[in-house]
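I'll drop the sequence and a predicted model, then ask my questions.
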Amino acid sequence: MYLFVIIAWYSRCIVDDELSSSLEKNFVTDCLKRALSTRKPEITNSDQGSHFTNLLFGNL
């Protein structure tokens, strides 16, 4: 199982999360799209794994 969580740095609140049984990149981008629909951060920070360096993630 793979868990992706988006956390607000200032408040430490969980903005959104997604759990997946496979390492497909869509679960990461789906979670990010939901989070960006409610909040617009000025700065984002992410892991350097393949999910976060692909073109689909970068175009959000």
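Thanks, I have the structure now.

what ranges in this protein fall below the confidence cut-off?
Judged by pLDDT under 70, the chain has its weakly predicted residues at 45-60.

now the strands for it?
Remark: strands of the chain, listed N- to C-terminal, are 2-7, 14-20; assignment by DSSP state E.

for Lys40, find the nearest of these.
strand 14-20 (11.3 Å; CB to CB). Backbone N, C-alpha and C define where each C-beta goes, glycine included.

buried residues in the closest one?
Of the residues in strand 14-20, those buried under the neighbour-count criterion (16 or more other CB atoms under 10 Å) are 15-16, 18, 20.

same for that strand, what does it pack against?
Applying 3 or more CB pairs under 8 Å, 6 or more residues apart in numbering; DSSP states H and E, one finds that strand 14-20 makes contact with strand 2-7, helix 26-38.

what angle sits between the longest one and strand 14-20?
What that stands for is helix 26-38. Using axes from the mean of the first three to the mean of the last three CA atoms, to 10 degrees, one finds that helix 26-38 and strand 14-20 are set 160 degrees apart in direction.

residues making contact with stretch 3-11?
Taking contacts as CB atoms under 8 Å, 6 or more residues apart in numbering, the residues outside stretch 3-11 that touch it are 13-20, 27-28, 31-32, 35, 39, 41, 45, 51.

mind running it again at 7 Å?
The set of residues external to stretch 3-11 that reach it, using CB atoms under 7 Å, 6 or more residues apart in numbering, is 14-19, 27-28, 31-32, 35.

what is the end-to-end distance of it?
Between the opening and closing residues of stretch 3-11 lies a distance of 20 Å (CA to CA, to the nearest Å).

again with stretch 1-12
For stretch 1-12, the first-to-last residue distance is 23 Å (CA to CA).
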